[in-house]
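Q: this is a predicted model, with the sequence first.
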Amino acid sequence: MATGTARLLLRALASAGLGLTLLLQTGCSSVFFYPDKVTYITPDRLNLEYDDVFLDTADGETLHGWWLPAEAPEGSAKGTVYFLHGNAQNISSHLMNVAWLPEKGYNVFLIDYRGYGRSTGAPDIEGTLHDSETGLRWLVDQTQTDNRPVYLLGQSLGGALGIALASEWVQRQEKPPLNGVILDGTFSGFRGIVREKLGSFWLTWLFQVPLSRTITDDYEGVDLITRISPVPLMVIHSVRDGIIPFHHGEALFEAAAEPKQFLPTDTPHAATFVIPAYKEAVLGFMEGGLE
């Protein structure tokens, strides 16, 4: 007769086995997306002016975003930062990562991918890539961005989407050109990070290769990042990142072409901008170029 401990172990194995079965049946794409609909904070709570923006995608979804104007006289903004957030929650939980930029003279535009926040639909890799381009096309069509630099800032998942978007934007010679790309805590590839995570767990170790192959390898950052050149690139990664290990940032930087800059940091994942020195480094990159 099984003991209580043995029964608990058997239940745990059964639950894990069910989870593995679902992964085998559906693939691993869903592991990238953890959206919710909760509004954690709005820009006015931080004394920021803002406008709600709603964008229709070509495949029938509606995306929600926030436009944060620079705290500067009309027409005198230093530039605009297009922010692509990480994989969890929605723009309201990621707002603090860019809330400091309007005071420094920069407009900010941030969107929620499909299925996040007030955006419709359900997320997947292809859909979120499409959403990131939809947001950028809206942004560069605004009069507030005329003759002003445009920078792409992608954090974690947003950085992976940003690499694919920026590489296509550069290679198609889209106008206006991007003036800089900043990647913060970004993994080196969709398929690569799935295989790494599966390989770190004993139950999925044997299945890391077949399961990771359910993820497209068309958008691996290490393969695409060189195509961002000659747009200046800044790669930021923390030596203490417990979610996306430091070697991912190193791999992206090594694969990138010049001009490029690497900023090693020392914060938890996606907490870069709690440190004033790291804010200043990013401002220096945007305002003064690469050292």
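A: Sure, I can see it. A quick note: this is a predicted structure, and the numbers were derived from the prediction, not measured.
Q: for stretch 254-272, the distance to its chain's centre please.
A: Distance of stretch 254-272 from the chain centroid (Cα atoms, centre = their mean, to the nearest Å) equals 14 Å.
Q: report pLDDT for the residue with the shortest distance to the centre of the chain.
A: Most central in the chain under Cα atoms, centre = their mean is G158, positioned 1.0 Å from the mean C-alpha point. Looking at G158, its pLDDT is 98.
Q: correct me, but S229 touches A257?
A: Yes. Counting by Cβ atoms under 8 Å, A257 is a contact partner of S229 at 3.7 Å. Heads up, the C-betas are built off the backbone N, CA and C, glycines and all.
Q: when the two are compared, which one has more neighbours?
A: Neighbour tally, S229 and A257, criterion other Cβ atoms under 10 Å: the higher count belongs to S229, 16 against 13.
Q: so how far is T186 from that one?
A: 17 Å (Cβ to Cβ, to the nearest Å).
Q: same check on W169?
A: 17 Å.
Q: who's more crowded, these two?
A: Shown here are W169 and T186; by other Cβ under 10 Å, T186 has more neighbours (28 against 25).
Q: how many residues are close by the closest residue to that one other than its chain neighbours?
A: Take T186 and drop its neighbours on the chain: the residue closest to it by Cβ to Cβ, 6 or more residues apart in numbering is G159, 2.9 Å away. G159 has 30 neighbouring residues, counting by other Cβ under 10 Å.
Q: hang on, G159 in a helix?
A: Yes. The assignment for G159 is a helix, going by DSSP: H, G, I helix; E, B strand; the rest coil.
Q: just want the phi and psi numbers for V181.
A: For V181, the backbone dihedrals (degrees, to the nearest 10) come out as phi -130, psi 130.
Q: how close does it sit to E287?
A: Distance from V181 to E287, by Cβ to Cβ: 15 Å.
Q: same question, Y106
A: 10 Å.
Q: now do the shared contacts for those two.
A: K78 (Cβ atoms under 8 Å, 6 or more residues apart in numbering).
Q: can you get me the start-to-end distance on stretch 220-228?
A: Using Cα to Cα, to the nearest Å, the end-to-end distance of stretch 220-228 comes to 13 Å.
Q: next one: that stretch to chain centre, how far?
A: Stretch 220-228 sits 15 Å away from the centroid of its parent chain (Cα atoms, centre = their mean).
Q: ok, now stretch 112-130?
A: 13 Å.
Q: can you check stretch 131-144 too?
A: Worked out by Cα atoms, centre = their mean, stretch 131-144 lies 16 Å from the chain centre.
Q: just stretch 58-70 next, same as before
A: 16 Å.
Q: neighbour-wise, which of V181 and E287 wins?
A: When neighbours are counted by other Cβ under 10 Å, V181 and E287 differ, and V181 comes out ahead with 28 against 13.
Q: you'd agree the more buried one is up against P230?
A: No. Judged on Cβ under 8 Å, V181 makes no contact with P230 at a distance of 11.3 Å.
Q: nearest residue to E133 other than its sequence neighbours?
A: Nearest non-adjacent residue to E133 (Cβ to Cβ, 6+ apart): L165, at 5.6 Å.
Q: helices along the stretch 151-291 of the chain, start to end?
A: Under the criterion DSSP state H, counting those that start in this stretch, helices of the stretch 151-291 of the chain are mapped to 157-171, 190-199, 208-212, 221-224, 246-255, 276-288.
Q: where does the stretch 51-200 of the chain dip in pLDDT?
A: Per-residue confidence for the stretch 51-200 of the chain (pLDDT under 70) gives these ranges: 195, 197-200.
Q: doesn't D112 make contact with T128?
A: No. Counting by Cβ under 8 Å, T128 does not reach D112; the two are 10.0 Å apart.
Q: overlap in contacts, those two.
A: By Cβ under 8 Å, 6+ apart, no residue touches both T128 and D112.
Q: how far away is the residue nearest to the centre of the chain from L84?
A: 3 Å.
Q: which residues do these two both contact?
A: Common neighbours of G158 and L84, counting by Cβ under 8 Å, 6+ apart, are S132.
Q: just give me the neighbour total for the residue nearest to F246 when sequence neighbours are not counted.
A: Nearest residue to F246, sequence neighbours excluded (Cβ to Cβ, 6+ apart): V239, at 5.2 Å. V239 has 11 neighbours, counted by other Cβ under 10 Å.
Q: nice, that's everything, thank you.
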